[in-house]
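*Asks:* I need the structure of the sequence given here:
(chains A and B, ligands or ions: 2)
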Amino acid sequence: MQLFTCPFCGPRDETEFQFATEAGKTRPEPAAEVSAERWAKYLYMKDNPKGPTREIWLHVTCGEFFALERDTVSHAVTGSMALGSDL
Amino acid sequence: MTRRYSAWTLAKEGLRGHGGWQQAWRSPEPKSAYDAVIIGGGGHGLATAYYLAKNHGMRRVAVIEKAWLGGGNTGRNTTTIRSNYFYPESVALYDFALKLYEGLGRELNYNIMFSQRGVLTVAHSEGEMEIASRTVNAMQINGTDAELLTPAQAFDKAPLLNRDPRARYPVFGAVWQGRAGVARHDAVAWGYARAADGLGVDIIQDCEVTDFLVENGRCAGVETTRGTIRAGTVGLAVAGHSSVLAAKAGFRLPIQSYSLQAMVSEPVKPCLDTVVLYMGTGTYLFQSDKGEIVVGGGLDRVPSYAQRGNPPMQRTVLSGMLEMFPSFGQLKMLRQWAGNVDVVPDSSPLIGPSPLAGLYLNCGWGTGGFKSIPAGGWLLAHLMATGSHHAISRPFDLDRFVTGRLVDEAAGSGIAH
Ligand SMILES: Cc1cc2nc3c(=O)[nH]c(=O)nc-3n(C[C@H](O)[C@H](O)[C@H](O)COP(=O)(O)OP(=O)(O)OC[C@H]3O[C@@H](n4cnc5c(N)ncnc54)[C@H](O)[C@@H]3O)c2cc1C
Ligand SMILES: [Zn+2]
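*Replies:* Ligands and ions are numbered 1, 2, ... in the order given. Purely as a prediction, here's the structure:
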């Protein structure tokens, strides 16, 4: 059982968390000018890196989204932070 | 010349102390150029090589595998073969594979131990029974075999099923596909490898593809740990590592890699002769020919390349097993392992040209690509040899994410495997 740290609630069991998406995606705007290709890229295409990654997770228990930095091979977590302007 | 296997050669070798068997395939040094190179020596890659040689007459073909044959998901999966999907596109694909499996042992002259013992998908509520009858209708309309069973008929197929009326997941009925079953996973990889080798294909193990050779915007070959290999056409069949290689080729894919785990118990006497899946718990299991209970379930919830499972999913899978078969509470589990699976948002594979010209994709099979190995190989071979889609692979092109024409089997059949 792995512990993830919610920036608001502290360390909790991994089963309380849900993976949302990779960090760093910005919704293309305005909608009327967004081509199907760009929209598909935003919705579906992923880096899916092997190794260090930065992701958006949901702490289901408190309902907050936050950023988690971890490694997809070792599963080590290196950072957990509230969403801010740096994304 | 590959020596034919038969009861006769087996008997003859038995009398001679088995000294006359030859290696099932060669281990050649990589050549500097081939007409076709396939990356990944799992079932899909090996089948592709075989059909390139068999269906398209190509002889200068190589499969490049970074480790050993079938060491990826092909050798780690729970071997269930079925075509109980919802959409016509999916049934066309998976039933094509099932039909090829039905003749595969003979075709490859290799015993793949395909056992059509049927798959029983058990429903636990009236709502699920509605989904079950919808699935059965869809399968029948799409031309494959399916039957809706009553609880009594389901108990008949699997007598040890939980019959307690107060059970958390009481049996309301089931979907039955009798042509479905299991096969020996290693044998599928080895059978294709041996047959491909017999047609002149070079199978190169211990050779990792590290980059692509791109000339004039076209894939002209691969860089490997054993040198540059030029190729007229390149196929990618590396399952959970598809995104890693796509990044080297300069594009991204709609894939997330996850761990999928399975477990096996000590061997016990024959007690279960079908594959059983519970809709309510997501756990599925069957008894291997050695007597072990092989059990699996859903994906781990953490995106991963780790090839090892997390404890929460083990608990979910095993508690599901106890719910289905209370008498299995006595079983001792012997082994647990995981594979690195490539999951696509609509739970359907990606087959088609990649954004890099000359490079073709066969990936995104996620939790369910063992059953499709013959079809995946056939279709990728068609793409690589002709440069265009076979009618069956067309709906699974990458362009569906732009057009919006997804083949959403996660929603359609509600099955993750
Ligand atoms: C636990 C588990 C249970 C499953 N149960 C079922 C089931 O019951 N039924 C079903 O139909 N499917 C099942 N699956 C899914 C199925 O196993 C896969 O979809 C299928 O095996 C994929 O085959 P493949 O040939 O595409 O990939 P793999 O067999 O994974 O082969 C890919 C190969 O590519 C190689 N590779 C990767 N990177 C490189 C590189 N850079 N250079 C060279 N080679 C490289 C790898 O070493 C690997 O051997 C299960 C999977 C798992 C993990
Ligand atoms: Zn929280």
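
*Asks:* What's the per-residue pLDDT of residue 33 here?
*Replies:* Here I'm looking at chain A. For residue A:33, the model assigns a pLDDT of 96.

*Asks:* Can you look at chain B instead?
*Replies:* 98.

*Asks:* again with residue B:413
*Replies:* 70.

*Asks:* Can you say which helix or strand has the residue sitting nearest the centre point of chain A in it?
*Replies:* Nearest to the mean C-alpha position of chain A, counting by Cα atoms, centre = their mean, stands residue A:56 at 1.4 Å. Taking DSSP states H and E as the definition, residue A:56 sits inside strand A:52-59.

*Asks:* got the angle between the helix or strand that that strand is followed by and strand A:52-59?
*Replies:* Per DSSP H and E, strand A:52-59 leads on to strand A:64-71 as the next helix or strand towards the C-terminus. For strand A:64-71 against strand A:52-59, the angle by axes from the mean of the first three to the mean of the last three Cα atoms, to 10 degrees is 150 degrees.

*Asks:* Walk me through which strands strand A:64-71 pairs with, and which way each runs.
*Replies:* Looking at strand A:64-71 with DSSP bridges, its partner strands are strand A:52-59 (antiparallel), strand A:77-82 (antiparallel).

*Asks:* Can you give the distance from that strand to the centre of its chain?
*Replies:* Strand A:64-71 has its C-alpha centroid displaced from the chain centroid by 5 Å (Cα atoms, centre = their mean, to the nearest Å).

*Asks:* ditto for stretch B:324-333
*Replies:* 27 Å.

*Asks:* could you pull out the strands for the stretch 151-300 of chain B?
*Replies:* Ranges of strands in the stretch 151-300 of chain B, per DSSP state E, counting those that start in this stretch, are B:173-177, B:181-182, B:202-204, B:209-215, B:218-224, B:227-236, B:256-267, B:275-278, B:284-287, B:292-303.

*Asks:* what's the closest of those strands to residue B:13?
*Replies:* Of all the strands of the stretch 151-300 of chain B, the one in closest proximity to residue B:13, counting by Cβ to Cβ, is strand B:202-204 (23.8 Å). Quick note: C-beta positions are derived from backbone N, CA and C, even for glycine.

*Asks:* now the strands of the stretch 151-300 of chain B in TSV, with distance to residue B:21 and mean pLDDT?
*Replies:* Shown next, in TSV, are the strands of the stretch 151-300 of chain B (distance: least, Cβ to Cβ, whole Å; pLDDT from 0 to 100):
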stretch	distance to residue B:21	mean pLDDT
strand B:173-177	37	97
strand B:181-182	27	97
strand B:202-204	18	98
strand B:209-215	32	98
strand B:218-224	30	98
strand B:227-236	31	98
strand B:256-267	28	97
strand B:275-278	33	96
strand B:284-287	30	97
strand B:292-303	28	95
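
*Asks:* Three-state assignment for the closest residue to the residue nearest to the centre of chain A other than its chain neighbours, please.
*Replies:* Leaving aside its sequence neighbours, residue A:56 sits nearest to residue A:20 (Cβ to Cβ, 6 or more residues apart in numbering or on different chains; 4.3 Å). Assigned with DSSP: H, G, I helix; E, B strand; the rest coil, residue A:20 falls in the strand class.

*Asks:* Could you pull out the helices in chain B for me?
*Replies:* B:7-15, B:43-56, B:88-102, B:104-108, B:126-141, B:151-157, B:185-198, B:242-249, B:311-324, B:373-386, B:400-403, B:409-412 (DSSP state H).

*Asks:* Quick check: which of those has the most neighbours on average?
*Replies:* Among the helices of chain B, ranked by average contacts under mean count of other Cβ atoms under 10 Å in any protein chain shown, first place goes to helix B:43-56 (a mean of 28).

*Asks:* Show me what that helix packs onto, helices and strands only.
*Replies:* With contacts defined as 3 or more Cβ pairs under 8 Å, 6 or more residues apart in numbering or on different chains; DSSP states H and E, the packing partners of helix B:43-56 are strand B:33-39, strand B:61-64, helix B:185-198, strand B:359-363, helix B:373-386.

*Asks:* between these, which gets nearest to residue B:232?
*Replies:* Among the helices and strands packed on helix B:43-56, the nearest to residue B:232 by Cβ to Cβ is strand B:33-39 (4.5 Å).

*Asks:* returning to that earlier point: mind putting the helices of chain B into TSV with distance to ligand 2?
*Replies:* Compiled in TSV, the helices of chain B are given as follows (distance: least, Cβ to the ion, whole Å):
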stretch	distance to ligand 2
helix B:7-15	63
helix B:43-56	41
helix B:88-102	39
helix B:104-108	51
helix B:126-141	32
helix B:151-157	42
helix B:185-198	41
helix B:242-249	29
helix B:311-324	18
helix B:373-386	42
helix B:400-403	32
helix B:409-412	27
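
*Asks:* For beta bridges, what are the partners of the residue nearest to the centre of chain A?
*Replies:* With DSSP bridges as the rule, residue A:56 is bridged to residue A:21, residue A:67.

*Asks:* can you tell me which residues contact it?
*Replies:* For residue A:56, the contact set (Cβ atoms under 8 Å, 6 or more residues apart in numbering or on different chains) comprises A:20, A:21, A:22, A:23, A:65, A:66, A:67, A:68, A:83.

*Asks:* Alright, that wraps it up for me.
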